[in-house]
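Asks: Following is a predicted model, sequence given first.
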Amino acid sequence: GRVKSFIQHAEHSMQRLLTLCRMFYSLPAGKGWFDSLAKIASEVHQLEQPQAQRLDKMIKFAQFLRNCRNCIEHPKPHQQAIFTNFKMTPSAEIEPPTIEIVHEQTPEPVVPLTIFMENMMRGAVMVGEEMMAFLASYHVMPGWEEKVSVCYFAEGQRRHPHVRYYFAMNMNGQIVPIG
């Protein structure tokens, strides 16, 4: 039950991210928002390949999360989440609980539940953070595009250890975070 709730809450966070994306782009209602976001953003901003690939990676994770939730809420033979509990092996070792996602578009082979959940948490946080950085970098206030950008800062350069992206300015050849 906890895993199901975790996946549902994680997918709800992706829905909130969609709400944020809708503030910047006219996305159609319904199932196609993942593909629509990539297409619209690529057309509007004429994204180069690295940026388009970054956006595609974020969208694929969001789609995977949506499909995981659908496997839990609407199971079918070709769309389901299969859980196993702790198991004792013949050699008296204990195997941890596992999960397998059976889905045509986004299957996930059997993986220990702790690894799956850690990756889901890390992925959801990364996608949320990178999507906000993406949106902010492509929607700088008119007239400031050449002066201000959104930049990634390495761990030793951050004002706050968990904040990876900042608005920044080039000041005499040095990129300085602002705000």
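Replies: Ah, there it is.

Asks: in stretch 50-59, what's buried?
Replies: Within stretch 50-59, the residues scored as buried using 16 or more other CB atoms under 10 Å are 51, 55-56, 58-59. All C-beta spots, glycine's among them, are computed from the backbone N, C-alpha and C.

Asks: Pull out the CA atoms of that stretch and give them to me as PDB.
Replies: Taking Å, rounded to 0.1, in the frame of the first residue of the first chain, the C-alpha atoms of stretch 50-59 are listed here in PDB:
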ATOM      1  CA  PRO A  50      21.100  19.000 -26.500                       C
ATOM      2  CA  GLN A  51      18.200  21.100 -25.200                       C
ATOM      3  CA  ALA A  52      15.700  19.000 -27.100                       C
ATOM      4  CA  GLN A  53      17.300  15.800 -25.700                       C
ATOM      5  CA  ARG A  54      17.200  17.200 -22.200                       C
ATOM      6  CA  LEU A  55      13.500  18.000 -22.500                       C
ATOM      7  CA  ASP A  56      12.800  14.600 -24.000                       C
ATOM      8  CA  LYS A  57      14.500  12.900 -21.100                       C
ATOM      9  CA  MET A  58      12.400  14.800 -18.600                       C
ATOM     10  CA  ILE A  59       9.200  14.000 -20.600                       C
END
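
Asks: which outside residues touch it?
Replies: Stretch 50-59 is contacted by residues 34-35, 37-38, 41-42, 45, 47, 127, 130-131, 134 when judged by CB atoms under 8 Å, 6 or more residues apart in numbering.

Asks: Reformat those as a markdown table; add neighbour count, secondary structure and distance to residue 85.
Replies: Listed next are the contacts of stretch 50-59 as a markdown table, based on neighbours: other CB atoms under 10 Å; DSSP: H, G, I helix; E, B strand; the rest coil; distance: CB to CB, whole Å:
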| residue | neighbour count | secondary structure | distance to residue 85 |
| --- | --- | --- | --- |
| 34 | 19 | helix | 33 |
| 35 | 13 | helix | 37 |
| 37 | 23 | helix | 38 |
| 38 | 17 | helix | 39 |
| 41 | 22 | helix | 42 |
| 42 | 15 | helix | 44 |
| 45 | 15 | helix | 47 |
| 47 | 18 | coil | 45 |
| 127 | 21 | helix | 30 |
| 130 | 18 | helix | 35 |
| 131 | 22 | helix | 35 |
| 134 | 22 | helix | 40 |
